[in-house]
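>>> Quick one: sequence and predicted model below, then my questions.
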Amino acid sequence: MRISKIAVLLATILILQSVVFTTQNHVVTQSIEPLEIQLELAYTPHSAMNISSNADFAANSWNGSGTAGDPYSISGLSFDTSYPVRIENTTAYFSIENCYFTSGSIYDGTAITMENVTNGNVQSCEFEALYTSIVVYRCNDTTIQTNTMRNVSEGIHCFLTYRLEIVSNQVENVTRGISLSFVFDSSITSNIVHDCTWFGVELGGWGTGSIFSDNEIYNVIDVWGGFGALSIAGDGWLILNNVIHDSPRGISSDFWQAESCNITGNEISDCSQGIYFGYVEDMIILDNDITNSSFGIILWESDNVEIQSNVIDSNYEGISIRDSLHMTITDNQLSFGGLEIDGNSPSHFRHEVTGNTVEGEPIGFLIDEEDLEISDAQYGQLFVINCTRVTIENQNLENGAIGITLVFSTECEVSNSVISNNSMGGVSMYYTEDCMVSDCSIFQNGYTFYARGGISLYSSNGTSIVNNMIYMNNGSGIDLHSSTFSYIYNNLVTNNSRMGIELSPGSNDNLIYGNAIGWNEYRNAEDAGIYNSWDDGISLGNWWSNYNSTDSDVYEIEGRSNSQDNYPQEYHTWSMVLPLQSGQIGVEILIISGLAVVAILVVILVVMKKKQIL
C-alpha cells in the first residue's frame with residue numbers, strides 16, 4: 001500500500017521536533033514545538049468499500065489472515081464520503097483502526113455499517129460531521145473501542161446483536177450518543193458521552209445478560225423531553241457504577257415499559273430528576289447516590305420495585321411513588337423532601353416501608369393499626385394507612401414531602417404537633433372518615449409547583465380542623481377537594497400564598513366559623529361547593545382582614561356558590577393568637593349544645609301535645 005507524501009512529511013517534522021546541542025561538559029536537548037497539523041493529513045485517502053464475504057477481505061489485499069490472532073487490518077485510511085464502509089455476511093476476524101471518517105454534514109451518511117457480521121472490531125478511529133458513526137445490525141462478537149465521535153447526529157447505533165463490547169469510546173457534541181436495542185450478553189463500559197441534545201445513551205428492547213457500567217454521561221439537554229442522560233426502554237439491563245450529571249434526567253424510562261432491570265451503585269448529581277420511571281416492573285434500585293437534584297427517585301404506575309439503601313440529597317422530594325403497587329422501600333437516607341406516596345385506591349398505599357430516614361429522623365409507616373397512641377416525638381415524617389382510632393400527638397414533623405399523610409383511615413387524630421418546612425404540604429388526608437387535626441402549628445410548607453399548602457382533604461368526610469395556627473404555607477391554608485361535613489373552627493389562617501380556605505367542587509355541607517382569615521395572597525376564601533355555612537347561624541362568623549363593617553353587614557365569599565358570612569368581624573391586626581380562647585370555645589359549644597337540647601325538648605312537647613289531642 002502506497003504511503004502518501006503528506007504522511008512522509010509529517011514523519012520528518014516529528015523527527016526534527018527535538019534538536020540536540022553539545023557543550024563542553026554536557027548535552028542539552030532543546031524541544032521545538034511541532035506545527036499544528038490537521039490530524040487527517042496523517043491518513044491515506046480511500047474511496048468507499050463494500051465487503052460482503054470473507055473472500056472480499058483477501059481480494060483487497062488487507063494485511064492479516066482473518067484469524068483471531070491475525071485479523072484482517074484496515075488502518076490508516078481517511079474517508080470523505082457519505083457511506084464509506086459497509087461490511088456484511090462475514091465471519092472472518094477483522095479490525096478497522098486508526099481511520100478518519102467524515103461526510104461534511106451531520107445530516108448525511110453512515111461511516112461504518114456492519115450487518116450479519118461476526119468477529120468485527122472498530123478501534124481508535126475518529127468520526128466527525130456525519131449522521132451516524134457506526135451502525136451494527138444482527139452481529140455477533142463485535143467490539144467498538146477507544147474511538148472518538150464528535151459533531152455527529154448519532155454516535156453508535158446497535159440493533160439485534162449478541163456479545164457486543166463498547167469500551168472506552170468518547171462521544172461528544174452529538175444529537176444522540178449511543179442507542180442500543182435488543183442487545184444480549186453485551187458489555188458497555190468506560191465510555192464518556194457528553195454534550196448531547198436529545199439523549200446520552202438509550203438502552204431499548206431486551207438487554208438480557210447485558211451490563212452498562214463505569215460510564216460517564218453529562219451535559220444532556222434532552223430537547224424532546226422524557227429521555228435524559230440514560231434512557232432505558234428495554235428489559236434485563238444491569239446498570240452499574242455509572243457517573244451521570246448535569247442533565248434534566250439522570251436515568252429514566254418514560255414512554256416505554258422496562259422490566260427486570262438492576263440499577264445499582266450509580267452516582268447521579270445536578271439533575272432535575274435523578275431516576276424517573278413510569279410503567280416499570282420487577283426492578284431493583286440499590287445503593288445509588290443522588291445529590292443536588294430537585295427530585296431523587298420518581299416512580300409512577302409501576303409494580304414490584306425494590307428501592308433500597310439509596311442516599312438522596314434532593315431539593316424538593318427524595319422518593320415519590322404514584323399509583324404504583326408492591327413497592328419495597330427500605331433503608332434509604334433522604335434529605336429534604338423525604339418520601340411521597342400518592343394514589344387513588346388502597347392498593348396504591350400498601351407497600352413495605354421500613355428503615356428510611358429524612359434528615360436523620362425516622363419515617364413512620366403505620367398500616368392496619370387500631371387503637372394506637374403515639375405521643376413521643378419520634379418521627380420526621382408519618383404515614384397512617386387504613387388505620388382506626390390512632391392518636392398522634394407531640395410530633396415535630398419537618399423536612400419531609402408531606403408532614404403527615406392519612407389514607408383510608410377512620411377516627412384518627414393529630415394534635416399538639418409542629419408541622420413545618422415540608423416540601424409539598426403539612427397534612428394531607430385521602431378518603432378518611434371522622435378524623436381530626438387540632439392544636440397544631442402548621443407553617444412554611446410547600447416548596448414545589450404542586451404544593452398543597454397547610455391542610456388538604458381529598459374525598460374525606462366528617463373532618464374536624466380545630467384550634468390550629470396555619471400560616472405562611474405555599475398553597476392554600478385549608479383546601480378541601482370533594483370533602484363533606486367538615487367542621488373548621490377557631491383556626492388562624494393567614495399569609496398563605498394561595499387562599500386561606502378553599503372549597504373545591506364537590507365539597508359540600510361544611511361548617512366554617514370562628515376562624516381568623518387574613519392576608520392570604522390570592523383570596524382569603526373561595527367556595528365552589530354547595531350547602532356550606534360560613535357562620536354558626538346565630539351570631540358568630542369569621543374574622544376577615546378585608547372586611548369593613550361600614551361597607552356591609554355580610555361578607556361575600558368568592559366562588560360560584562354565592563356563599564356569605566352573615567356575621568363577619570373585622571380583622572386588621574395580625575397576631576399569633578387564636579381568634580377564640582379556650583374559655584370562649586367552651587361557652588360557644590355550650591350555647592350551641594344548650595340550644596340543641598332546648599330545640600329537641602320543644603319538638604318532643606309538640607309531638608306529645610298532638611298525641612293528646614288525637
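Happy to help now that I have it.
>>> contacts and neighbour counts: CA atoms only from here.
OK.
>>> Let me see the ranges of the strands in the stretch 201-350 of the chain.
211-213, 216-220, 228-235, 238-240, 243-253, 262-264, 267-278, 281-286, 289-300, 303-308, 311-322, 328-330, 333-334, 339-342 (DSSP state E, counting those that start in this stretch).
>>> I'd like to know which of those strands lies nearest to Asn151.
Closest to Asn151 of these is strand 216-220 (C-alpha to C-alpha; 14.2 Å).
>>> before we move on, the earlier item: out of the strands of the stretch 201-350 of the chain, deepest packed?
Comparing the strands of the stretch 201-350 of the chain by mean neighbour count (mean count of other C-alpha atoms under 10 Å), strand 228-235 ranks first with a mean of 29.
>>> Restricting to C-alpha, output that one in CSV.
Taking Å, rounded to 0.1, in the frame of the first residue of the first chain, the C-alpha atoms of strand 228-235 are listed here in CSV:
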residue,chain,number,x,y,z
GLY,A,228,-32.5,12.2,29.8
ALA,A,229,-28.8,11.2,30.1
LEU,A,230,-29.5,7.4,30.2
SER,A,231,-32.9,6.3,28.9
ILE,A,232,-34.0,2.7,29.5
ALA,A,233,-36.7,1.3,27.2
GLY,A,234,-35.8,-2.4,27.5
ASP,A,235,-35.6,-5.3,29.9
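>>> re the thing from before, so can I have a markdown table of the strands of the stretch 201-350 of the chain showing mean pLDDT and distance to Asn399?
Compiled in a markdown table, the strands of the stretch 201-350 of the chain are given as follows (pLDDT from 0 to 100; distance: least, C-alpha to C-alpha, whole Å):
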| stretch | mean pLDDT | distance to Asn399 |
| --- | --- | --- |
| strand 211-213 | 97 | 34 |
| strand 216-220 | 97 | 29 |
| strand 228-235 | 89 | 28 |
| strand 238-240 | 97 | 30 |
| strand 243-253 | 94 | 23 |
| strand 262-264 | 98 | 26 |
| strand 267-278 | 95 | 19 |
| strand 281-286 | 97 | 23 |
| strand 289-300 | 96 | 14 |
| strand 303-308 | 98 | 20 |
| strand 311-322 | 94 | 9 |
| strand 328-330 | 98 | 18 |
| strand 333-334 | 98 | 10 |
| strand 339-342 | 96 | 10 |
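>>> Looking at those strands, which is nearest to Asn524?
Using C-alpha to C-alpha, the nearest of the strands of the stretch 201-350 of the chain to Asn524 is strand 311-322, at 26.8 Å.
>>> now for that closest one, which elements pack on it?
With contacts taken as 3 or more C-alpha pairs under 8 Å, 6 or more residues apart in numbering; DSSP states H and E, strand 311-322 sits against strand 289-300, strand 333-334, strand 339-342.
>>> name the helices or strands packed onto the strand or helix carrying Arg389?
Using DSSP states H and E, the element containing Arg389 is strand 388-393. Where contact means 3+ C-alpha pairs under 8 Å, 6+ apart, strand 388-393 is packed against strand 370-374, strand 413-415.
>>> Deepest in the core, which of these is it.
Most buried of these by mean neighbour count (mean count of other C-alpha under 10 Å) is strand 413-415; its value is a mean of 21.
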